[in-house]
Structures are given as C-alpha cells and as structure tokens.
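**Q** Curious how this folds, go ahead:
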Amino acid sequence: MNLFKMRKEQLVLFHRNRKKPAVKKEIPDHVFKQCPQCHANISFKALKINQFVCPECNHHLRIGAKERIRQICDEFKEIDKNYITQNVENFPGYDQKLLESQKRTGLNEAVVCGIGRIKSISFALAVMDSGFMMGSMGSVVGEKITRCIEMAIKKKMPLIIFCTSGGARMQEGIVSLVQMAKTSAALKKLDAQGQLYISVLTHPTTGGVSASFAMLGDIIIAEPDCLVGFAGKRVIENTIKEKLPDNFQKAEFVLEKGFIDLIVNRKDLKQTLYSILQFHGRF
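**A** From the prediction side, this is the model:
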C-alpha cells in the first residue's frame, strides 16, 4: 500500500516537472515580414524605408491605398470618403465580409479618391486597395471612380488611377458589371476634353477592372512582375488546350506584347509621374 502511494506521488511529481511542449511563436508583421518571393526575413522598419520592396530580390510587396498615397503625394485631399456599400441583393455573408474588410483596412471601400499634389502639380487621384475584398469592383467602387473622373473633367486636371483588383464583385451580380461600362464612358468624356489619364497597374490587375478603365490610359505604367490579365492562366490553358509561358500575364510579358508603355520600379514612380505631368502641362 505504501509502495503504491509512493509511486502515485512520484507520478504526480513527474507530471508537474515535465516540460511543456514548445509553442511556436509567430513573429508579428509589424516587426519582421517575410518576402513572398525569396522568403528573406526583413525588418518592417527597413521594408518601410525601402517602400515595401524586398532589398534582396526587388519583389514589390502589396501595399494599401493609404501607404500608396503616402509614397506618391506631397499633399492629398480625399473626396467621397463616406460612401458605403449596401447589401441590396441580400447576398449571404456579404455584410460580414464588408465589415471585416473595413476593420482590416480602415477604409469604407476598396478605392480612395481625391485630389493629389506632387510639388506644384495637382491631379485627380484614385487608388485601389487589394486588402479590401481583393480590390473587387462593386457599385460604390465604380461610382467613386466615375465621380473622380468627372471631377478631373470639371477642374480640368490630369487623372491618375492606381489599379489593383481581382475583378468585378460577384456579391453584387450584374450591378458590378455595369461599372465597367460606366467608368469607361466617363473616361471617354475625359478623352474628348483632351485631358491626360495615366493608369498605373499594380499586383494584381485582373478581371473586369483590366477589361475597363485599367487598360484605357493614355499612358499605362506597371510595377515590376505584377500580374495583368483578364481570365486566369489555368482557365486559359484549359480552354485553348495549350501550355502558356511561365511569365504569361506578368508585366514584362505584357510590355513585350505592347499592351503597356512602361515598367517602373516603385522608388522611381513618383518622379516618373511628376515628369509626365510636367511634360503634359507644357502643352
């Protein structure tokens, strides 16, 4: 009996002293971030200084609308900030997705519009955010971009749109597809006034956005290695029953085929835009 009691006490002591299994600690993104291409671990501070471009492999990481505006503009005044999407079609789960995106990005929708300025030159600016439902274009995104174009016409300003999107927002059905025609029609009016439109393609620019305002710029610029296309690579391969090149739909491939005009590194983008705006202003 005493022997049994002793063994029982030893067993309890063993369990108390036994080391707990090590818990894998996740490193927060605001301390270190891993490059999705070369997998190098880079301090967030160094990454921010380098405009969120990997110093090891030059991979351009995705950035939100607020960071993009910070990098490009010396001054920025937002318009239509309080436009918020309503779940008119009562699509299941849509309200929750909108709330989650609003909380994650601090934005009301997937595009920020307003008047930007670089040095002495002002311009109408729309910046899409892939963090908000993958930058998908619904009724409010289309409306805000259209109103931004109309503001450019009214104020006789050049227009710059930073595009990034997974395409039309399926939760809004045919209404989302109407935005393709609406934005394109507004750009036609801008073109008729002889005003400049610069489209900047960032990763990824696909679907209904690539099939409308993204590819209608007088000058189309892309960031290195960004994805530009309509349907996905696998969808096209399964349709045409052919193997496509490894770099298919990458910015470099699209430039080679003549669909875009320039590929510009992020560190040079602000100066490039300023030079184009300055040159255009002379005429």
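
**Q** hang on, isn't Lys189 packed against Met151?
**A** No. Applying Cβ atoms under 8 Å as the test, Lys189 and Met151 come out as separate, 12.0 Å apart. (Each C-beta comes from the backbone N, C-alpha and C, glycine too.)

**Q** okay, those two: which has more neighbours?
**A** Met151 (18 against 13; other Cβ atoms under 10 Å).

**Q** What ranges does the protein have for its strands?
**A** All strands of the chain, identified by DSSP state E, fall at 32-34, 41-43, 75-79, 111-118, 121-128, 159-165, 197-205, 219-222, 262-263.

**Q** Single out the most deeply packed of those.
**A** strand 159-165 (a mean of 27; mean count of other Cβ atoms under 10 Å).

**Q** Please enumerate the helices of this protein.
**A** Under the criterion DSSP state H, the chain contains helices at 2-17, 44-49, 65-72, 94-105, 139-155, 174-192, 207-210, 233-240, 251-256, 266-281.

**Q** list the buried ones in the longest one?
**A** Judged by neighbour count using 16 or more other Cβ atoms under 10 Å, the buried positions of helix 174-192 are 176-177, 179-180, 182-184, 186-187, 190.

**Q** Tell me the spacing between Leu61 and Arg234.
**A** 24 Å (Cβ to Cβ, to the nearest Å).

**Q** Also Ser139?
**A** Ser139 is 29 Å from Arg234, by Cβ to Cβ.

**Q** Compare these two and say which one has the larger neighbour count.
**A** Ser139 (19 against 9).

**Q** Met133 versus the residue lying closest to that one once chain neighbours are set aside, what's the distance?
**A** Spatial nearest neighbour of Ser139, chain neighbours left out: Val175 (5.2 Å); criterion: Cβ to Cβ, 6 or more residues apart in numbering. Distance, Val175 to Met133, using Cβ to Cβ: 15 Å.

**Q** tell me the contacts of the residue nearest to Ser139?
**A** Taking Cβ atoms under 8 Å, 6 or more residues apart in numbering as the criterion, Val175 is in contact with 88-89, 138-139.
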